[in-house]
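Asks: Quick one: sequence and predicted model below, then my questions.
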Amino acid sequence: MDRGQGDRKGRGMTLDEAIKHAEEVMIENLEKTKGRNASDPIAISCGECADNYRQLAKWLKELKQLREQTRWIPVTKRLPEEREWMGTKRFGTTISDEVYVTLETPDGERFTKHLSFQNGGLSQTDQEHMRVWFKGAVPIAWMPLPEPYKAD
């Protein structure tokens with residue numbers, strides 16, 4: 001069996017399997033450098049290979065994190081986390097941070113808006129807008145907004 005194939009036979013690796021594989025190859029190459037002189041061609045080659053696989057594993061982990069941050073979450077699975085705000089004591093409400101929300105009308109039309117959830121659903125104002133302006137659309141999925149731009 002080829003390394004990394006597991007039981008997947010011809011279907012390629014998952015992202016988690018690719019991360020694990022890159023880390024295993026990195027470790028294997030580091031082991032090959034042990035006890036060798038730093039100027040030994042094998043030590044140099046295996047060290048460079050280990051560095052390359054370390055970087056690959058890092059990039060794959062970043063890709064996994066980005067995928068998780070940009071994945072739509074069905075509202076039937078969970079809603080955005082809510083927190084107290086200045087209206088909590090006065091109105092007894094909690095509110096989520098703003099998120100992207102995919103809404104669906106009764107006739108199946110879908111569109112995306114930038115909204116918050118309040119007390120386990122859309123706010124009263126947003127619900128009224130959905131009824132009047134957006135043909136009775138209801139939320140079906142959401143995702144967090146990306147982090148604001150930061151200059152390098």
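Replies: Thanks, I have the structure now.
Asks: Report the spatially nearest residue to residue 30, omitting neighbours in sequence.
Replies: Residue nearest to residue 30 in three dimensions, not counting chain neighbours: residue 50, with 4.7 Å by CB to CB, 6 or more residues apart in numbering. Every residue, glycine included, has its C-beta placed from N, CA and C.
Asks: Go ahead and confirm the one you found touches residue 24.
Replies: No: counting by CB atoms under 8 Å, residue 50 sits too far from residue 24 to count as a contact (11.1 Å).
Asks: More neighbours: those two, which one.
Replies: residue 50 (19 against 14; other CB atoms under 10 Å).
Asks: which phi and psi does residue 131 have?
Replies: Backbone torsions of residue 131, given as degrees, to the nearest 10, read phi -70, psi -50.
Asks: nope, residue 104 is what I was after
Replies: Torsion angles at residue 104 (phi, psi; degrees, to the nearest 10) stand at phi -130, psi 130.
Asks: swap in residue 103?
Replies: phi -110, psi 150.
Asks: Can you give me every residue that contacts it?
Replies: Residues near residue 103 by CB atoms under 8 Å, 6 or more residues apart in numbering: 110-113, 130, 134, 137-140.
Asks: now it, which residues is it bridged with?
Replies: residue 111, residue 139 (DSSP bridges).
Asks: Return the per-residue confidence for it.
Replies: Listed pLDDT for residue 103 reads 93.
Asks: cool, residue 78 as well?
Replies: 90.
Asks: And residue 24, by the same measure?
Replies: 95.
Asks: For it, which three-state class applies?
Replies: Judged by DSSP: H, G, I helix; E, B strand; the rest coil, the three-state class of residue 24 is helix.
Asks: show me where pLDDT drops low in the protein?
Replies: For the chain, the stretches with pLDDT under 70 are 1-10, 86-91.
Asks: What segments of it are helices?
Replies: 15-33, 41-69, 87-91, 124-132 (DSSP state H).
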